[in-house]
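>>> the following comprises the amino acid sequence and a computationally predicted model.
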Amino acid sequence: TPHKELCYLAIAPEALRLCSDVFGNYVIQKLFEFGTQDHRRNLAERLSGHTLSLSLQMYGCRVVQKAIDVLDLDQKVELIKELHGNVMKCVRDQNGNHVIQKCIEKVPPSHIHFVVESFKNQNVK
């Protein structure tokens with residue numbers, strides 16, 4: 001709808017900043033949930049390079065989880081690739097662990113081998 005497009009155009013330039021905002025994160029989550037396919041793809045591209053930092057942040061982790069919920073598989077895989085090498089850091093983090101759980105829940109095992117591999121020979125406390 002035209003209203004949805006106008007909202008998206010107004011919010012998209014500030015998407016990354018809003019992800020970490022106490023209220024803004026809800027706006028970005030709703031755009032991921034109710035936006036068009038193009039909106040979701042564009043938002044995911046805006047998060048590119050920031051997945052780890054957002055995953056470790058109180059409000060950003062909620063946006064990353066929503067993105068993992070709704071994105072197409074190719075974009076989920078692209079988004080979570082940024083967590084490679086930092087899985088245990090996320091698991092031990094009060095926010096990041098939720099993102100790893102969402103990966104396990106929503107991404108096919110063939111695309112999250114790096115998560116499983118991170119647990120090998122680890123003593124998780």
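Received, thanks. Numbers count the residues shown, from 1 in each chain.

>>> which residues touch the residue lying closest to E82 once chain neighbours are set aside?
Setting aside the residues directly before and after it, E82 is nearest to T51 in space (C-beta to C-beta, 6 or more residues apart in numbering), at 3.8 Å. All C-beta atoms are positioned from the backbone trio N, CA, C, and that covers glycine. Applying C-beta atoms under 8 Å, 6 or more residues apart in numbering to T51 gives the contacts 64, 79-80, 82-83.

>>> so which of those is the most crowded?
Taking other C-beta atoms under 10 Å as the neighbour criterion, V64 ranks highest of those with 31 neighbours.

>>> tell me where the model's unsure across the chain.
Scanning the chain for pLDDT under 70 picks out 121, 123-125.

>>> report the central residue of it.
Centroid check for the chain by C-alpha atoms, centre = their mean gives V64 as the closest residue, at 1.9 Å.

>>> test my guess that it contacts L47.
Yes - the criterion here is C-beta atoms under 8 Å, and V64 meets it with L47 at 7.3 Å.

>>> tell me, what's touching the two both at once?
The contact sets of V64 and L47 overlap at 54, 79 (C-beta under 8 Å, 6+ apart).

>>> any idea how far the residue nearest to E82 lies from L31?
T51 sits 17 Å away from L31, going by C-beta to C-beta, to the nearest Å.

>>> could you do S20 as well?
Note on S20: its distance to L31, by C-beta to C-beta, is 15 Å.

>>> which one of those two has more residues nearby?
Neighbour totals were compared for S20 and L31, and L31 leads with 23 against 18 (other C-beta under 10 Å).

>>> could you check how far the more buried one is from D38?
Noted for L31: a distance of 11 Å to D38, by C-beta to C-beta.

>>> what do you get for H3?
16 Å.

>>> and those two? Which one has more around it.
Relative neighbour count places D38 above the other of H3 and D38, with 10 against 7, counting by other C-beta under 10 Å.
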